[in-house]
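*Asks:* Here is a sequence together with a model predicted from it:
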Amino acid sequence: MVAALVLAAAATAAAATDNSQNVPLQALLDEEPADVFLAKATLQQYLSRVVRKDWDGARSLTHPKALARRPALAAWSEGDAELKTFHFTGTRQVAPGVVLIQVGEDTYRADRQGMSLDDPAVYVLFKSRGGFLVADRREGESLTAVPDTFVRSHYPGYVDRQAQAQARRETAMRDKHR
């Protein structure tokens, strides 16, 4: 009888141990897509460099088309507003290789000689050159204010063809396993 109880306890403990190491399937399916994760990591690096006023570093994470076209990204280096802290408040994948990230920004504004807290901004990131790059900053906007159709129509050619094909393959594989 004692031996049976010991064996039962050992089996229960083993089952509990094995079960605790397994990640539930739904949790895996609910994880954010790889593109969203990578875009957030890129924006974290970009904004950290802006806070440090590392303009060359921020520029290296900026999409080449944006450098010539998007003054909102250059606004940080002009001195009107100085980014102090930021936090992510939402994300949305528009298409394979295209991610929007909403950020709350705390900035020091020299013209007002004071802090502006939790100002909303949406950053547009595209997969290009083997990773994500920042293409635009939509100041004062939320994710709901930037429709997918706007992003698709205003940024032609921002996703590299190779990155776009790879992103579509990854999306198809992920959808196949759901």
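*Replies:* That came in fine, so what should we check first? Predicted model, so just to flag it, every value in this text is computed and none were measured.
*Asks:* which residues does Val98 contact?
*Replies:* Applying CB atoms under 8 Å, 6 or more residues apart in numbering to Val98 gives the contacts 124-127, 151-152, 155, 158-159. Quick note: C-beta positions are derived from backbone N, CA and C, even for glycine.
*Asks:* let's see it at 10 Å
*Replies:* 35, 39, 92, 124-127, 132, 135, 148, 151-152, 155, 158-159, 164, 167 (CB atoms under 10 Å, 6 or more residues apart in numbering).
*Asks:* Over to Ser142?
*Replies:* By CB under 10 Å, 6+ apart, the neighbours of Ser142 are 89-90, 100, 102, 120-122.
*Asks:* switch the cut-off to 7 Å
*Replies:* Taking CB atoms under 7 Å, 6 or more residues apart in numbering, we find Ser142 in contact with 102, 120, 122.
*Asks:* As TSV, those with neighbour count would be great.
*Replies:* Shown next, in TSV, are the contacts of Ser142 (neighbours: other CB atoms under 10 Å):
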residue	neighbour count
Gln102	21
Pro120	17
Val122	24
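*Asks:* before we move on, the earlier item: so among the contacts of Val98, which ones count as buried?
*Replies:* Neighbour-count burial (16 or more other CB atoms under 10 Å) is assigned, among those, to 35, 39, 92, 124-127, 132, 135, 151, 155, 158-159, 164, 167.
*Asks:* Which of the contacts of Ser142 sits closest to Pro64?
*Replies:* Val122 (20.6 Å; CB to CB).
*Asks:* The closest one - that's part of a strand, no?
*Replies:* Yes. Under DSSP: H, G, I helix; E, B strand; the rest coil, Val122 sits within a strand.
*Asks:* Show the pLDDT at it.
*Replies:* pLDDT recorded at Val122 is 96.
*Asks:* what sits opposite it in the beta ladder?
*Replies:* Val122 forms beta bridges with Gln102, Arg138, as assigned by DSSP bridges.
*Asks:* tell me the contacts of the residue most central in space within the chain?
*Replies:* With distances taken as CA atoms, centre = their mean, Lys40 lies nearest the centre of the chain, 2.4 Å away. The contact partners of Lys40, by CB under 7 Å, 6+ apart, come to 88, 91, 101.
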